[in-house]
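In: Have a look; sequence and predicted model below, questions after that.
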Amino acid sequence: MRPPFRIGTGYDIHRLVEGRRLVLGGIEIAFEKGLMGHSDSDALTHAMCDALLGAASLGDIGRHFPPGDPQYRDASSLDLLSRVARLVDDAGFIVANIDATILAERPRLAPSIESMRERIASALGIDLDRVSVKAKTGEGLDAVGRGEAIAAHAVALLYAKG
């Protein structure tokens, strides 16, 4: 028997570097550094993709969108999140809610949180009140706290169709 609910977790971290734009939750944020990676390196949506894929037992983001594949070079992670939503739907699940925390020393993200939530809800095809995004600092500890990286954690709850 298929359980009615499934929970998945996701995590991602990217190094901050000069010469890249900073994208989180599908929003470009004015900052002197951006996240290094193959796509737009949106750590928030990457963590959400893994949470959703994990809950549906569909592997991880690298399995579906390999980092060495040229078609994903500078790809919009929000578009990847939409594709993940379709995979979850095709697997017979509905997104109940998704909750995420961004870990960043700088820049201050609070002014962008509502826009991130709106973009994510739209990409997933769910109501805004089913998307939660929070931001925390690293309190000066580890790579995040030293301002070398931005990380994100996410948890998703899915329920089986029917």
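Out: Nice, thanks for sending it over. Numbering: from 1, shown residues only.

In: Please, which helix or strand holds Arg2?
Out: Following DSSP states H and E, one finds Arg2 outside all helices and strands.

In: distance of the closest residue to it other than its chain neighbours from Cys49?
Out: The shortest distance from Arg2 to any residue other than its chain neighbours is 5.4 Å, reached at Ala160 (Cβ to Cβ, 6 or more residues apart in numbering). In short, each C-beta sits where N, CA and C put it, glycine included. In this structure, Ala160 and Cys49 are 20 Å apart, going by Cβ to Cβ, to the nearest Å.

In: more neighbours, these two?
Out: Taking neighbours as other Cβ atoms under 10 Å, Ala160 and Cys49 compare with Cys49 leading, 30 against 14.

In: Report the secondary structure element holding Ala156.
Out: strand 149-160.

In: Pull up the pairing partners for that strand, direction included.
Out: Its sheet considered, strand 149-160 pairs with strand 5-17 (antiparallel), strand 93-103 (antiparallel) by DSSP bridges.

In: State the mean pLDDT of stretch 57-68.
Out: Here the mean pLDDT over stretch 57-68 is 92, rounded to a whole number.

In: quick one: the strands in this structure?
Out: Under the criterion DSSP state E, the chain contains strands at 5-17, 22-24, 27-29, 34-35, 93-103, 131-136, 149-160.

In: export those strands to a markdown table and tack on mean pLDDT?
Out: Conversion of these to a markdown table gives the following (pLDDT from 0 to 100):
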| stretch | mean pLDDT |
| --- | --- |
| strand 5-17 | 97 |
| strand 22-24 | 97 |
| strand 27-29 | 96 |
| strand 34-35 | 96 |
| strand 93-103 | 98 |
| strand 131-136 | 98 |
| strand 149-160 | 98 |
